[in-house]
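Participant: missing the sequence, but the structure's below:
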């Protein structure tokens, strides 16, 4: 079935299976999964063969409980996906610029060094003043950056490589769940 649960299809998205395991409504955006990790899973699904999609389904339980807030886990996911695309993807000039800016912004949120890049130069200071920068990045910006990076990576990758990237993202998200936060709001390292 699709995200609305009305049309049967042969290869359900792993996120749809996660939604059922979590006893949530049938959706490809379950609330128990980090939004950026969910975007990566959907992009990997969309760029995989039918056999590759089925091979993603056993990963479903690993996604449960990964929906935590904070710049660190989100930025690590973006950094991993974008780095993979920049190293092994077939990029257009525009994609290269966008993904480089996405990586610079992720590194800013991880280290507090440099400035955020691209549109983050404008939205971050405004939303940070009202305490909304982290949720905006986690929910809207980072999923777009990560999904674009997976799409670029998919041009030169097979199902095994895409599944490997998703497993790496699960490891990052899983370690973030068990680790204590080292980044404080505003994307700056505590001094």
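Facilitator: That came through fine. Since the model is a prediction, treat every value here as computed from it, not as a measurement.
Participant: Next, residue 115: phi, psi?
Facilitator: phi -120, psi 160 (degrees, to the nearest 10).
Participant: For residue 118, which three-state class applies?
Facilitator: Of the three states, residue 118 takes coil under DSSP: H, G, I helix; E, B strand; the rest coil.
Participant: I'd like to check which residues are in contact with it.
Facilitator: 98, 101-102, 104-105 (Cβ atoms under 8 Å, 6 or more residues apart in numbering). All C-beta atoms are positioned from the backbone trio N, CA, C, and that covers glycine.
Participant: got a pLDDT number for it?
Facilitator: You'll see residue 118 listed with a pLDDT of 90.
Participant: Now do residue 68 against residue 143, distance only.
Facilitator: Counting by Cβ to Cβ, to the nearest Å, the separation of residue 68 from residue 143 is 15 Å.
Participant: meant to ask about residue 72, not that
Facilitator: 16 Å.
Participant: cool, residue 71 as well?
Facilitator: Distance from residue 71 to residue 143, by Cβ to Cβ: 14 Å.
Participant: And residue 67, by the same measure?
Facilitator: 12 Å.
Participant: re the thing from before, between residue 72 and residue 143, tell me which one has more neighbours.
Facilitator: residue 143 (24 against 21; other Cβ atoms under 10 Å).
Participant: Now do whatever helix or strand the more buried one lives in: everything it contacts.
Facilitator: Following DSSP states H and E, one finds residue 143 within helix 142-154. Helix 142-154 has contacts (Cβ under 8 Å, 6+ apart) with 35-36, 38-40, 42-44, 47, 74-75, 77-78, 81-82, 84-85, 88-91, 95, 98-99, 102, 105-106, 161-162, 165.
Participant: contacting residues for the residue most central in space within the chain?
Facilitator: Centroid-nearest residue in the chain: residue 36, 2.7 Å away (criterion: Cα atoms, centre = their mean). Counting by Cβ under 8 Å, 6+ apart, residue 36 touches 74, 77-78, 138, 142-143, 146.
Participant: State the pair within these that is farthest apart.
Facilitator: 138 and 146 (11.0 Å; Cβ to Cβ).
Participant: circling back to that earlier point, mind listing what's buried along the helix holding residue 143?
Facilitator: Neighbour counts over helix 142-154 (16 or more other Cβ atoms under 10 Å) mark 142-143, 145-154 as buried.
Participant: again with stretch 95-104
Facilitator: 95, 98-99, 101-104.
Participant: Check stretch 155-169 too.
Facilitator: In stretch 155-169, counting by 16+ other Cβ under 10 Å, buried: 157, 159, 162-163, 165-166, 169.
Participant: Cheers, nothing more for now.
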